[in-house]
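Engineer: With the input below, show me the fold.
(one chain, ligands or ions: 1)
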Amino acid sequence: MKHYISINDLGNLQSAVKEAISLKKDPYAFEALGKQKTICLLFFNNSLRTRLSTQKAAINLGMKAMIMNFGSEGWQLAFEDGTVMNEGKSEHIKEAAQVVSQFADIIAIRAFAGLVDKEKDEAEVVLNGFIKYATIPVVNMESSVAHPLQALADAITLKESQTVPKPKIVLSWAPHPKALPHAVANSFVKMMKLQDADFVITYPKGYELNPDITKGCKIVHNQEEALENANFVYVKNWSSYADYGKVLSQDKNWMMTKRKLGNAKFMHCLPVRRNVVVEDAVLDSNQSLVIEQANNRTYSAQLVIKRLLEDLK
Ligand code: CP
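Structural biologist: Numbering: from 1, shown residues only. Coordinates of the predicted model:
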């Protein structure tokens with residue numbers, strides 16, 4: 001694997017999940033692989049899980065991790081070719097990416113969608129700028145349109161908690177006061193397309209995801225109908241894709257409750273707003289898998305970094 005940008009970069013998902021679960025059982029088995037190797041984690045946005053789990057994964061593999069909150073500490077970057085940098089931007093991605101490449105063996109980037117300009121977000125200027133100009137592998141720690149480390153952690157969690165051969169898995173939109181990106185939902189859908197499951201997506205009209213990503217998926221607009229006989233319910237808010245970045249509804253009826261969840265397991269990537277996205281009774285019950293999902297972020301990152309290290313020239 002050259003870079004990890006999308007869940008599809010893993011090749012066979014089931015093999016990747018199996019390998020990640022074996023790393024979880026013996027986390028230090030490959031400690032020698034990362035000896036004298038460094039990963040540089042660059043954050044253009046906030047994080048708790050991604051930062052700590054990716055650092056922990058690198059430590060488990062014997063690596064050193066350098067972390068920078070680039071959004072608040074780095075020079076403001078310019079990305080356009082031929083740009084005249086006579087305003088706020090102090091450094092160009094061409095130099096920044098090559099300089100970081102000299103200090104590390106792998107770069108990991110978090111750079112969210114701005115949710116103002118769809119074309120700009122879909123161009124993934126930060127992530128693609130590093131891929132273009134860095135001379136070392138790049139890991140996507142959540143970009144404008146994808147969160148593949150989260151999707152792999154979710155696949156691990158599903159595998160560990162699955163009790164029937166072909167589970168029913170529902171991705172349900174939930175209300176949220178702020179406009180949130182589509183990255184988690186997009187990567188979850190992509191991952192689900194690689195699973196043997198009865199997969200259903202439910203959201204209020206106006207909250208369609210990118211149709212190129214949901215093509216072929218079953219969509220049910222009535223949430224309660226979608227949730228019938230579900231084994232797993234993955235809840236996530238996202239803003240409108242068609243009316244790009246807008247909050248069209250905060251309908252409280254879409255919040256996940258214990259009654260609506262039934263006997264299903266509850267999943268969410270975290271952070272989650274209690275009693276807005278999901279009620280306390282769900283999060284505080286043994287039906288919630290959110291803490292294990294967060295735990296599995298370490299083994300998701302560890303699998304990805306291990307494969308990149310193995311393929312370093
Ligand atoms: N789920 C997730 O990516 O969490 P953080 O934003 O805290 O990293």
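Engineer: going forward, measure contacts between C-alpha atoms and count neighbours the same way
Structural biologist: OK.
Engineer: Next to the ligand, which bits of the stretch 201-313 of the chain? Give me the list.
Structural biologist: For the stretch 201-313 of the chain, the residues in contact with the ligand (Cα under 6 Å from any ligand atom) are Cys269, Leu270.
Engineer: The stretch 201-313 of the chain: strands as residue ranges?
Structural biologist: Using DSSP state E, counting those that start in this stretch, the strands of the stretch 201-313 of the chain run over residues 218-219, 232-236, 265-267.
Engineer: And the first one, how far out from the chain middle?
Structural biologist: Same thing as strand 218-219. Its chain's C-alpha centre and that of strand 218-219 lie 22 Å apart, by Cα atoms, centre = their mean, to the nearest Å.
Engineer: how about low-confidence regions in the stretch 201-313 of the chain?
Structural biologist: Scanning the stretch 201-313 of the chain for pLDDT under 70 picks out 313.
Engineer: At the geometric centre of the chain, which residue sits there?
Structural biologist: Nearest residue to the geometric centre of the chain (Cα atoms, centre = their mean): His147, 2.3 Å.
Engineer: so that one makes contact with Val184?
Structural biologist: Yes - with contact defined as Cα atoms under 8 Å, His147 counts as touching Val184 (5.3 Å).
Engineer: Distance of the residue nearest to the centre of the chain relative to Leu42?
Structural biologist: 15 Å (Cα to Cα, to the nearest Å).
Engineer: again, but for Leu309
Structural biologist: 18 Å.
Engineer: Could you do Asn60 as well?
Structural biologist: Distance, Asn60 to Leu42, by Cα to Cα: 19 Å.
Engineer: Give the buried residues for stretch 169-178.
Structural biologist: Ile169, Val170, Leu171, Ser172, Trp173, Ala174, Pro175, His176 (16 or more other Cα atoms under 10 Å).
Engineer: which residues sit in contact with the closest residue to the ligand within the stretch 101-250 of the chain?
Structural biologist: Per Cα to the nearest ligand atom, Gln150 is where the stretch 101-250 of the chain lies closest to the ligand, at 6.3 Å. Residues counted as contacts of Gln150 (Cα atoms under 8 Å, 6 or more residues apart in numbering) are Val184, Ser187, Cys269, Arg297, Ser300.
Engineer: looking at the residues you listed, which has the most residues close by?
Structural biologist: Ser300 (31 neighbours; other Cα atoms under 10 Å).
Engineer: Perfect, that will be all.
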